[in-house]
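**Student:** can you look at this prediction? I've put the sequence above it.
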Amino acid sequence: RVCVAVQQLMLIYYPGKGVLTYEFRSNVNDVVLGPSGTRAVAVTQAGSIAVMKVPSDSDGEITCEWFVADEKFVFDHVVFSPDENHLVTILKRAGFFVYDISKRLVAAEDVDVHKFAICPDNVTAALAITSGEIRITRFPDASIVLRTLNRVSINDLTSIVSNICFHPAGKHLVVSSMVGDILHVYDVSTGDNIGAISVPESPSSMCFAANN
């Protein structure tokens, strides 16, 4: 299954079978399909957050599991936890909200967050602050800071983070900046920089292989 947002539409593609469509009342800013493929979550320009049930086949129908709306908070991005028990809505340069799957607000913080990543262990998260600071926090209560990464180079310290990505085992975090062609690797337990990877230019996206 592939999940796509186009203006007011959320589309779920079933390769070789068909596509299902759900229409919102306003444009969709971000949509993500949960790891199981049975849930999707969308945030819209009207300030709504919607968790959707996704059928296993294109013969089914997308239905809304729960929905909240607040025009004061128009979120830019949304992240599902690996176990799908929590979701994080992100308002760039303003903060984040963490909900559990029953719609209960678990944590919120007014912080200048730029990127947010959840560790595969579901108990740790990483927040990249626009100032260049990266915090390792508890999850789902991401307001509890465990440590900050010991960022090393001048560019690494001052440039806005473009991507953060946890290793599948959760022991390492890779960080890229909007300036520079170096990916920095950090030990999550200590916050120390343990290596670097040279790339042609600052990447727009990155990920680990699931088995490495």
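**Tutor:** Great, that's in hand. Residues are numbered from 1 along each chain as shown.
**Student:** got the buried residues for the strand or helix carrying Phe97?
**Tutor:** With secondary structure defined by DSSP states H and E, Phe97 is part of strand 95-100. Buried residues in strand 95-100, counted by 16 or more other Cβ atoms under 10 Å: Gly95, Phe96, Phe97, Val98, Tyr99. Where you see a C-beta, it was placed from the backbone N, CA and C, and this is true even at glycine.
**Student:** can you tell me which one of the residues you listed sits lowest on pLDDT?
**Tutor:** Ranked by pLDDT, the buried residues of strand 95-100 bottom out at Gly95, which scores 80.
**Student:** any idea how far the residue nearest to that one when sequence neighbours are not counted is from Ala94?
**Tutor:** Nearest non-adjacent residue to Gly95, counting by Cβ to Cβ, 6 or more residues apart in numbering: Asp110, 4.5 Å away. Going from Asp110 to Ala94 by Cβ to Cβ, to the nearest Å gives 7 Å.
**Student:** these two: which has the busier surroundings?
**Tutor:** Ala94 (14 against 10; other Cβ atoms under 10 Å).
**Student:** surely the more buried one meets Ala108?
**Tutor:** No. Assessed by Cβ atoms under 8 Å, Ala94 is found out of contact with Ala108, at 10.8 Å.
**Student:** which residue ranges of this structure form helices?
**Tutor:** With helices called from DSSP state H, the chain shows them at 154-158.
**Student:** by mean pLDDT, point me to the weakest helix or strand of it.
**Tutor:** Lowest by mean pLDDT, DSSP states H and E among the helices and strands of the chain is helix 154-158, with a mean of 48.
**Student:** what sits against Cys3?
**Tutor:** Cys3 sits next to Met10, Leu11, Ile12, Tyr13, Val31, Val32, Leu33, Ala40, Val54 when contact means Cβ atoms under 8 Å, 6 or more residues apart in numbering.
**Student:** tell me how far the residue nearest the centre of the chain lies from Pro35.
**Tutor:** By Cα atoms, centre = their mean, the chain has its centre lying nearest to Val79, at 3.4 Å. The gap separating Val79 from Pro35 is 12 Å, by Cβ to Cβ.
**Student:** now Val19
**Tutor:** Distance, Val19 to Pro35, by Cβ to Cβ: 21 Å.
**Student:** identify the residues contacting Asp83.
**Tutor:** By Cβ under 8 Å, 6+ apart, the neighbours of Asp83 are Pro35, Asn122.
**Student:** pLDDT at Arg135, what is it?
**Tutor:** For Arg135, pLDDT reads 88.
**Student:** please disregard the earlier target; I meant Arg151.
**Tutor:** 67.
**Student:** the residue nearest to Val4 when sequence neighbours are not counted: neighbour count?
**Tutor:** Nearest-residue entry for Val4: Leu11, 4.7 Å, with adjacent residues in sequence omitted and distances by Cβ to Cβ, 6+ apart. Using other Cβ under 10 Å, Leu11 has 16 neighbouring residues.
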